[in-house]
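one predicted model, sequence on top.
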Amino acid sequence: MFKSTLTDPGLHAMAVNAIMLSIVVNLADRGVTMTQTPLEILSDRITNAHTRIQQEHADINPVVGVNRQMRASGIPADAITIDCLRTNRRILIILHDHAPDLVRYQFGQRNTDPEVDFEAMKMHKVSEQQLYEWMVQTFS
């Protein structure tokens, strides 16, 4: 068990991350793969796109949220919202457990209910670049 003697929380977090990365690399070297859920994969891509947006389009400043209310209501799905408070626009993304290779999405307003119909795209096509472009086009 790893016990940190670091008193700075930031340094402690960096040390833990370094250890976890070392474990993942070591497992990968041994042929063991660690799989991520579609929500984790898409969250990583959104995080990277969000970082680019903040660097290149400070006026947009999107707010990202993960909503598990569908799952709590018995629907095997998660929702991700990407909101722009300035324009009141929203990108709504739904990830269904029964179709993990599909991303359903819709562009709309924050203060209105979503439409019934969603567009769909294969998970591998919803790249960091695609998410970045959606945010720039929807929120600019």
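It's in. Note that the coordinates shown come from a computational prediction; the quantities given were computed from them, not determined experimentally.

and the strands in the protein, which stretches?
Remark: strands assigned in the chain by DSSP state E are 63-67, 77-84, 89-96, 102-109, 119-122.

a markdown table for those, including mean neighbour count and mean pLDDT?
Just so you know, the C-beta spots here come from the backbone N, C-alpha and C atoms, and that holds for glycine as well. As requested, these are exported to a markdown table (neighbours: other CB atoms under 10 Å; pLDDT from 0 to 100):
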| stretch | mean neighbour count | mean pLDDT |
| --- | --- | --- |
| strand 63-67 | 13 | 93 |
| strand 77-84 | 20 | 96 |
| strand 89-96 | 20 | 97 |
| strand 102-109 | 17 | 97 |
| strand 119-122 | 11 | 97 |
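
which one of those lies nearest to E133?
strand 89-96 (11.1 Å; CB to CB).

the closest one pairs with which strands, and in what direction?
strand 77-84 (antiparallel), strand 102-109 (antiparallel) (DSSP bridges).

show me how far the last one is from its chain's centre.
This points to strand 102-109. 14 Å (CA atoms, centre = their mean, to the nearest Å).

quick check: the gap between the residue nearest the centre of the chain and G74.
Note on the chain: the residue nearest the mean C-alpha position is S43, at 1.8 Å, using CA atoms, centre = their mean. For S43, the distance to G74 equals 23 Å [CB to CB, to the nearest Å].
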